[in-house]
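Undergrad: how would this look folded up:
(chains A and B)
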Amino acid sequence: MATTTQAPPARPPATSTDRRRRIVARPAAWIVWGAVIFFFLNLLGVVASVLVSSFGQRWFDTWLPDGYTTSWYARAWDEFALLQVIVVTLEVSVLVVGLSLVIGVPAAYALARRSFPGKRLIFLVFLLPILMPPITYGIPLATVLYKFGLAGHMSGVVLANLVPSVPFVILTMTPFIEQIDPRIESAARMCGAGLRTVFLRVLTPLLVPGILASAILVLVRTVGMFELTFLTAGPDSQTLVVALYYSMSASGIRAQQSVDAMAVIYTSMMLVLLVVALRYVNPTQLVAQVKDEPEH
Amino acid sequence: MAHWQHRLAERGVDRQLWLLVPALVFVIALFLYPFFYGLTLSFQPTRGGPFSDYARFFSDSYERGTIWITLRIALPAALLNVLAAVPIAYRMRGRFRGKRLVTTLLVVPITLGTVLTAQGLLNFLGPTGWFNRILLATHLVDEPVRLTHNYWGVFFSLVITGFPFAFLLVLSYLSGIDPTLERAAATLGADWRRRFTRITLPLLMPGLATTFCLTFVLAFSVFPSAVLVGNPAGETRVISLAAYQAAYEQYDYPYASAIAMIMGFVELVIIAVVLAARGRFYTGSTGGKG
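TA: Residues are numbered from 1 along each chain as shown, chains lettered A, B, ... in the order given. Reported below is the predicted structural model:
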């Protein structure tokens, strides 16, 4: 990557004292905020056009539809058997979150606390599933799962979705564990607690924020994961994303508005999840553990 | 026996490492084994010698072209997302009123999902969509601009889904840089531009490289949007689509595995180049505010 070609936003030299607490912004600030606003206006257009269309009756070559109705939602609900799809989505996500925490947290603990030969190699192996596009390992994985008769139903979908989730839990949990003072565990061990007791009685309560954070992030990822579910799901184990994709790529058979309605349902579900996630996770603290305190 | 355990314990190997075993078993069974299974499968084509599926891919220009098509979409999209995130995140560093609101607004597109993005782009940028209507009404263009079912549709959908992600990562790397470093430079008389290019940017580069890699992975595996808003038979026939068609339309698993291996290889080469370049920058602690 080029380091020097990227021009910093041009603005006249300023000393640090007059840089802060300015109400009238400089030209560069206007350009940046202008670009952000332009991006948002278009994004708003994209989202609003789907929302309007999902409530619209007939909408051809005009600014707005002829009339409004909620019948597309009812139709989408029945046509796509959405209740069953949502139940499958929730079952898959809960299973993936639970299993990836049970497998990932102990490994994150060992990686955060210990140094041992081969640690870098093990770390790399855990990093690879995140660094590879899901299709590259998804196709061989689906082939193997079909060979053992695991794909085509729920177990295959859950197993496939675990592949990026476990490394994700390990990578997000490691900084949380590194923050905890190891003397706390030593003290517990001195008082006669075994590894299991230390884990369940001392570490887990301290790690609750981190566990919640990675659980919610894994949940959001799993609900949104298309490729792996698409490759391993059978007709009765589709999650919402995959069902949506099928309904849209088979367009012409179904009214576009009912696909729009279904997309709105999916996005509202994701939005609720994200709002819950932002309640517990400060998004700026994901990679670097920073305390968000006022600059002085 | 005890002696041998003691020697291992000195090097850090003891019973606590059992905690790693479930995760290792899992990664080996569900990631490494399928990967090597796919690798061996790709050398056992239905016809011809061990390398004939690879030869088949590279000798067919329609197939070979998918690599170029994928890179032509993924590299600019990832680069734009990362570069656009830097000035915006730089503005968002300090504390100001409404910061949380702006951050949330920038993150919300993550929830849109491919299909809503695709439907929205088709509605909004399509020939009778609002975007073209505004352009026509203000006489900026004489006839509707074609922005969907081609390269641009896929590109926009990658920007919408990739930018929030890149922004989040850049913002968190940027807030991990100790602000006293910049203040020290300011007292020594460095102006704004020098402080950015000589201090903040070099410290941020490793983070930018990581962000680029992760955004690139997202963009490289573009598959649903290439079908839905692109032109999957021509201009946006990406490599993942070629792999999918080989596996699930022709049921040629060896060939599909070969394409998946080529895809993984190309992607890892780009990542390796970026990470090697990253190694030339400072990679230690960046201080942090807390």
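Undergrad: List the buried residues of whichever helix or strand residue A:176 is part of.
TA: According to DSSP states H and E, residue A:176 maps onto helix A:154-179. Using 16 or more other CB atoms under 10 Å in any protein chain shown as the test for burial, helix A:154-179 gives A:154-177. Any C-beta I mention is one placed from the backbone N, CA and C, and that applies to glycine too.
Undergrad: Please say whether there is contact between that helix and chain B.
TA: Yes: judged by CB under 8 Å from any CB of the partner chain, helix A:154-179 comes into contact with chain B at A:159, A:160, A:162, A:163, A:166, A:167, A:170.
Undergrad: and that helix, what other elements does it pack with?
TA: For helix A:154-179, the contact count by 3 or more CB pairs under 8 Å, 6 or more residues apart in numbering or on different chains; DSSP states H and E identifies helix A:82-113, helix A:119-131, helix A:134-147, helix A:204-224, helix A:227-232, helix B:21-27 as packing neighbours.
Undergrad: for the shortest one, what is the average pLDDT?
TA: To tie it back to what came earlier, the one meant is helix A:227-232. Helix A:227-232 shows a mean pLDDT of 89.
Undergrad: Residue B:112 is in contact with residue A:267, correct?
TA: Yes: counting by CB atoms under 8 Å, residue B:112 is a contact partner of residue A:267 at 5.7 Å.
Undergrad: who has more neighbours, the two?
TA: Taking neighbours as other CB atoms under 10 Å in any protein chain shown, residue A:267 and residue B:112 compare with residue B:112 leading, 26 against 22.
Undergrad: gap between that one and residue B:80?
TA: From residue B:112 across to residue B:80, the span is 18 Å (CB to CB, to the nearest Å).
Undergrad: how about low-confidence regions in the chain?
TA: Picking chain A for this. A:1-25, A:60, A:251-254, A:281-296 (pLDDT under 70).
Undergrad: looking at chain B here, not the other one
TA: Using pLDDT under 70, chain B drops low at B:1-2, B:8-13, B:282-290.
Undergrad: Tell me how far the helix or strand hosting residue A:51 lies from the chain's centre.
TA: Using DSSP H and E, residue A:51 sits within helix A:27-55. Relative to the chain's own centre, helix A:27-55 is displaced by 22 Å; criterion: CA atoms, centre = their mean, to the nearest Å.
Undergrad: Which elements pack onto that helix?
TA: helix A:71-79, helix A:256-280, helix B:61-91, helix B:99-107, helix B:113-125, helix B:130-137, helix B:151-174.
Undergrad: buried set for that helix?
TA: Neighbour-count burial for helix A:27-55 [16+ other CB under 10 Å]: A:28, A:32, A:36, A:39, A:42-43, A:45-47, A:49-55.
Undergrad: Pick out the residue in the stretch 51-200 of chain B sitting closest to chain A.
TA: residue B:176 (2.9 Å; CB to the nearest CB).
Undergrad: backbone phi and psi for that residue, please?
TA: Main-chain dihedrals, residue B:176, degrees, to the nearest 10: phi -80, psi -10.
Undergrad: same thing with residue B:177?
TA: phi -90, psi 130.
Undergrad: Tell me the spacing between it and residue A:175.
TA: Residue B:177 is 17 Å from residue A:175, by CB to CB.
Undergrad: Just give the closest residue to residue A:234, not the sequence neighbours.
TA: residue A:152 (3.7 Å; CB to CB, 6 or more residues apart in numbering or on different chains).
Undergrad: so the one you found is in which element?
TA: Going by DSSP H and E, residue A:152 is not in any helix or strand.
Undergrad: That one contacts residue A:236, correct?
TA: No: the pair residue A:152 and residue A:236 fails to qualify as a contact (CB under 8 Å) at a distance of 9.2 Å.
Undergrad: The two: which has the busier surroundings?
TA: residue A:152 (17 against 12).
Undergrad: OK, contacts around the more buried one?
TA: Residues near residue A:152 by CB atoms under 8 Å, 6 or more residues apart in numbering or on different chains: A:146, A:232, A:233, A:234, A:237.
Undergrad: Taking those, please make a PyMOL selection of just the buried ones.
TA: Buried members of the contacts of residue A:152, defined by 16+ other CB under 10 Å, are picked up in PyMOL with:
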select buried, chain A and resi 232+233+237
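Undergrad: Backbone dihedrals for residue A:68, both of them.
TA: The phi/psi pair for residue A:68 (degrees, to the nearest 10) is phi -120, psi 150.
Undergrad: Is it correct that it is in contact with residue A:54?
TA: No: using CB under 8 Å, residue A:68 makes no contact with residue A:54, being 10.1 Å away.
Undergrad: Please identify which of the residues of helix A:154-179 next to chain B is nearest to residue A:256.
TA: Within the residues of helix A:154-179 next to chain B, the smallest distance to residue A:256 is 30.4 Å, found for residue A:160 (CB to CB).
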